[in-house]
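**Student:** got a sequence here, can you model it:
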Amino acid sequence: MLSRFVPVLIFFAVLAALPPRAAGQFAPTPISATTIPAAHLMQAPELVRLLNSSEPQPLILQVGSHIFFAEAHIRGAQFAGPGSQPAGIELLEKMAALSSKGRLIVLYCGCCPWNRCPNVGPAFKRLHELGFTNVKVLYLANNFGDDWVAKGYPTDQK
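**Tutor:** The predicted structure is shown next:
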């Protein structure tokens, strides 16, 4: 008979061990690359075509590690800080503030496989919160090296 109550007792023991929260406060929903709607994704060949065209050029912001940016980055891209860090979001805000709200902004990271990238989701969300209406995220399934550099797409080094 006591064995029926053990799971209930364990549940309440775990609940009691959690840190207290203010009334109405909920845990934040994780923001990752996988939460970005498909309509806001850009494929590499599409960006390459745009870079090689006479069309107005997008603002391309790398929202990952500065080490990776210095090693190689998309031609014309600017470093905007890691999107998963408060300092990165602050730098992203400053970089974006120099553009109109309707200008095409392309974000990318490429630090790791898409489903584990901690940077593009928060950066994308923040730009939308600030009212930017034409934000795309470059879809890099594996990483920047495999999905951009190894394919011979245009890069710069710093």
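
**Student:** how about the contacts made by residue 62?
**Tutor:** Residues counted as contacts of residue 62 (CB atoms under 8 Å, 6 or more residues apart in numbering) are 68-69, 73-74, 77-80, 108-109. (C-beta placed from N, C-alpha, C; glycine too.)

**Student:** ditto for residue 127
**Tutor:** 92, 96, 105, 107, 135.

**Student:** related to what we said a few turns ago, in CSV, list the contacts of residue 62 along with distance to residue 87, pLDDT and neighbour count.
**Tutor:** Below are the contacts of residue 62 laid out as CSV (distance: CB to CB, whole Å; pLDDT from 0 to 100; neighbours: other CB atoms under 10 Å):
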residue, distance to residue 87, pLDDT, neighbour count
68, 16, 94, 18
69, 15, 96, 23
73, 19, 97, 23
74, 22, 98, 25
77, 19, 97, 21
78, 16, 97, 14
79, 12, 97, 20
80, 11, 97, 26
108, 19, 98, 28
109, 15, 96, 28
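
**Student:** which one of these is nearest to residue 152?
**Tutor:** Residue 152 has its nearest neighbour among the contacts of residue 62 in residue 74, at 12.7 Å by CB to CB.

**Student:** residue 82 versus the most centrally placed residue in the chain, what's the distance?
**Tutor:** The residue lying closest to the centre of the chain (CA atoms, centre = their mean) is residue 120, at 0.5 Å. Relative to residue 82, residue 120 is positioned 10 Å away (CB to CB, to the nearest Å).

**Student:** likewise for residue 148?
**Tutor:** As judged by CB to CB, residue 148 and residue 82 stand 18 Å apart.
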